[in-house]
Structures are given as C-alpha cells and as structure tokens.
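*Asks:* any chance you can model this:
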Amino acid sequence: MCTLHQIAPESVREIEMPQITSSDMTGLKFWQIEHFFRCPVIGMCLMPCEQNQVLKKAGISIKNKSPYDVHETIVACAESENRLSQKVDRLLNHKFGSRAAVLHPLSEQEFMNCWKAAFEAGQYLAEFWAAVSRRDLSVVSRKEIFGAIHMAMHANADQSAHATRRLEQLKSKAIEQNRKNKEINLDRRALQEENEALKRMLGEAKSSLLGAEQEKERMGSEPAIMKMHRHVMALEQKNQRLGATLADHVGQLKTKDRELLSLIEHIARISKQLEDQRQSETQFRKEAQETLRTFIEMNRCDAGCPSFDLCSKRVLIVGGIARMEALYRQIIENNGGVLEYHDGYMKGGAKQLESSLKRSDIVLCPVNCNSHAACTLVKNLGKKHNKPVHMLANFSLNAVSQVISTGGARQAAGN
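*Replies:* I've put the predicted structure just below:
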C-alpha cells in the first residue's frame, strides 16, 4: 500500500503546497484550497443563512434551491477565481481571518497542537480554516485534520439518532399530556355544571327560607324555620367544598397548560436542530465519500510501487472499534489487500484467533481497545507462528494507514 508520499510525481504536484517565503505570508484564497477540503469548509464554517446570503450578494437566485443545491453551487465555484468565490473568501476571512493570521506563522508542530486542543474542545472552526488556507502544511498533517473531520461525521450520526429517539419520546409525552388535559377539562366542565346546579338549588333554598321566615312571622312557627336554615347551611357548605375542588382543578389545568406549552416549544427546538443536523450530515456524507475515494486513489499501488507486493497480503485486525470495521475493510481491500477481522473477545478460547493469525501476513492490535491478556496472547501467537505483530496506541484510520504503509515498505525491502 502506498502512502501520500509514494504517489506518482504528477499527483504529488497536485497536492503539495507551495513553499512559504518571507514576502508571501498570506493564506490561500478559497479557490486555492485543496478540493477535498472545500465541502467541509462550506458545510461547517458557513451557516445555511450565510450560504444563502453570499449567493444573493453574488447575484445568484436561491429560488427553488434546496439547501444542498445552495451548498453544491458554492463548492463548485471554488474551481476558479470568480465573483462568488471572491465573496465566499471575504466572508470566511471576515469570520476567521484574525485567528488564522495568528496561527499561520506558527511552526507546524505548534499549529497542530493548537488544532488538536481546539478540536477536543469542540471550538475548532477558525483553526480549521487556518489549516486549509495554510500554504506549508504537510500531507501527513492535512490527512490527520481531514480524518478528524471525517470521523466527526459518524459521531454526528449517533447524536442525530439519539435526538430522533428523544424527539419521539417527547412527542409521546405530549400526546399523553393532551389526553390528560382533555380529561381535566371534562372534569372541570362537569364540576362547573354541578356548581351551577348547586347555585340554583341555593337560590331556591334561599327563596324558600325567605318564604319560611315570612310564614314564621305570620304563624310564629320556629321549628320549620330552623330546619330550613340548617338545610340551607348544608347546601352552602357543599357549594364551598365544590368551589374549592373546582379551583384546585383549574390550578392544575393551568399548570399542565404551562408544562404542555414548554414541551411543545422544546419539541420545536429539537426538531429544528435535528433537521439542520440531518441536512448538514447528508451534505457532508456525500462529499466525504467522494473525498475518501480520492484518498484511496491517491494511496493506490501500481506495478511500479516499491511496496506493490504488500497489496496482496492478508491483514488481521484484532479488536479496534467495531463500528469502524467497514472503513478498515474499505482502506485495505480497495488497495488490493484482504481484511480478516477478530473482535478481540476470548469467550470462545484462543483457537479461532490463532487460526486467523496463522492465515494472515500482518497483524494489527490496538492496546487501548483490548485487554492486557488479549494483547499478550496476540504477541505470543505472533512469535509462535513468526508473524509480524504491530501493537498500536490507538486504532484511528490514520494509525492503520501508517502501519500498513510501513509494513509494505519493509516487505518490499525484504524482497
């Protein structure tokens, strides 16, 4: 397998950056940056509203254009210097130029330290623009930066799935809350009707009491008046209890209404964030796939490559990140190799692992993704069957590519 440094001279001239001189300390223009950085720069450094605005300022209508159409138009303009690419360059430098001016004079090691710190903190857009517009950044550093951005897409996919599940839960909760509110409204109406009936009864009782009092004055009959008075008092007490119950239900309903309103607003915010994230992910996934194919073509061996024989070797990967198996396989098999993957678990014993190792030409084992016992077993089996074993500090795509490249060079030297 070839590295970026082993590509044919014509391809090297396409990706090598010009040498910095004392009279040229300015960064690259938008139309001068490498093609595989154009999509991430537009998709991540410019908000959708900013993309629409820059098209309008360039005299390009956005009517009937989807977010992807707008994105694609801006990316395509980077093929040359034109009115649109100039406006994009000015907008990027307006947003990130001050920070880029501080980062450009740094040495490559100092710059990469700043990039890694910013990426880990999640605040790396200015550093990203400084990286792609820097003239003297090496192929290795540019590949590391692209790899980090590419893998961030997969993390965003997980976050998007989580947000979708959370949105469905909130929608279910809102439906249940609506049902409860309807029940409370029905109870409230029933209590109001009962309260109105009691008021009518109370009015009738008062009228009866007044009539009884008038009758008492005429007849001087005390017991009938007292009986009626007790009846009226009982009705008033019942009416007070129902009024208190009604007030309590009304208060509960107002509280539920406020909770429902807050829940609806929360759902709306999450829905908008999810839609924006889906659009960004769709745009970036398409361009990232194209860029990945570009990297594969840049790293593909031909008959003149000094490590051409490595391309037919069987590579065993032990452990690693299971969800990245497809990417490991794509890197190895697209370069003519054969991937054999073992998840690193020893529940079934070491026979299956040993059988896979005996068939392989190169063994890769990350120490941060396997237990100490598993790593030790891989080393011992490698010595037993005289197989080259590479213990990796981590299992990023960059680490796999570097080890495969180094392994190919050594194999070629041995031949």
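*Asks:* for residue 369, which non-adjacent residue is spatially closest?
*Replies:* residue 319 (4.3 Å; CB to CB, 6 or more residues apart in numbering). (C-beta placed from N, C-alpha, C; glycine too.)
*Asks:* correct me, but that neighbour touches residue 368?
*Replies:* No. Contact criterion CB atoms under 8 Å: residue 319 and residue 368 do not qualify, at 9.0 Å.
*Asks:* so for the two, which sits in the more crowded spot?
*Replies:* residue 319 (23 against 10; other CB atoms under 10 Å).
*Asks:* mind pulling the model confidence for that one?
*Replies:* As predicted, residue 319 sits at a pLDDT of 80.
*Asks:* from residue 37, how far out is it?
*Replies:* Per CB to CB, to the nearest Å, residue 319 is found 32 Å from residue 37.
*Asks:* point out where the stretch 101-250 of the chain drops to low pLDDT.
*Replies:* 153-158, 160, 219-225 (pLDDT under 70).
*Asks:* ok, now with 80
*Replies:* Across the stretch 101-250 of the chain, residues meeting the criterion (pLDDT under 80) sit at 150, 152-164, 212-213, 215-228.
*Asks:* the strands in the stretch 201-350 of the chain, which residues?
*Replies:* With strands called from DSSP state E, counting those that start in this stretch, the stretch 201-350 of the chain shows them at 314-318, 338-342.
*Asks:* in the chain, which spans are helices?
*Replies:* Along the chain, the segments classed as helices by DSSP state H run 9-15, 35-45, 48-57, 67-76, 83-103, 108-121, 125-132, 139-219, 222-298, 325-333, 351-359, 372-384, 397-414.
*Asks:* reformat those as CSV; add distance to residue 28.
*Replies:* Shown next, in CSV, are the helices of the chain (distance: least, CB to CB, whole Å):
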stretch, distance to residue 28
helix 9-15, 13
helix 35-45, 10
helix 48-57, 18
helix 67-76, 16
helix 83-103, 9
helix 108-121, 14
helix 125-132, 7
helix 139-219, 12
helix 222-298, 18
helix 325-333, 28
helix 351-359, 46
helix 372-384, 43
helix 397-414, 23
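*Asks:* which one of those lies closest to residue 314?
*Replies:* Checking the helices of the chain against residue 314 by CB to CB gives helix 351-359 as the closest, at 6.1 Å.
*Asks:* hmm, back to that, so what's the residue nearest to residue 369 up against?
*Replies:* By CB atoms under 8 Å, 6 or more residues apart in numbering, the residues touching residue 319 are 342-344, 365-366, 369-370, 374, 395.
*Asks:* ditto for residue 191
*Replies:* Residue 191 touches 242, 245-246, 249, counting by CB under 8 Å, 6+ apart.
*Asks:* which among those end up buried?
*Replies:* 242, 246, 249 (16 or more other CB atoms under 10 Å).
*Asks:* kindly report the domain assignment for this structure.
*Replies:* In terms of domains, the chain is parsed into 18-136, 164-278, 308-414 (source: automatic domain parsing).
*Asks:* I'd like the ones you listed laid out as CSV, including distance to residue 147.
*Replies:* Shown next, in CSV, are those (distance: least, CB to CB, whole Å):
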stretch, distance to residue 147
domain 18-136, 11
domain 164-278, 21
domain 308-414, 5
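*Asks:* what about stretch 33-53, how long is it end to end?
*Replies:* 22 Å (CA to CA, to the nearest Å).
*Asks:* what's the average pLDDT for that stretch?
*Replies:* pLDDT averaged over stretch 33-53 gives 93.
*Asks:* distance between it and the chain's centre?
*Replies:* Computed by CA atoms, centre = their mean, to the nearest Å, the chain-centroid distance of stretch 33-53 equals 17 Å.
*Asks:* look up which residues are beta-bridged to the residue nearest to residue 333 when sequence neighbours are not counted.
*Replies:* Closest residue to residue 333 apart from its sequence neighbours, by CB to CB, 6+ apart: residue 339 at 5.9 Å. Taking DSSP bridges as the rule, residue 339 bridges to residue 315.
*Asks:* need the contact list for residue 356.
*Replies:* Contacts of residue 356 (CB under 8 Å, 6+ apart): 316, 340, 342.
*Asks:* by neighbours, which of those residues wins?
*Replies:* residue 316 (24 neighbours).
*Asks:* before we move on, back to that, would you list the strands of the stretch 201-350 of the chain in JSON lines and tack on distance to residue 50?
*Replies:* Below are the strands of the stretch 201-350 of the chain laid out as JSON lines (distance: least, CB to CB, whole Å):
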{"stretch": "strand 314-318", "distance to residue 50": "42"}
{"stretch": "strand 338-342", "distance to residue 50": "42"}
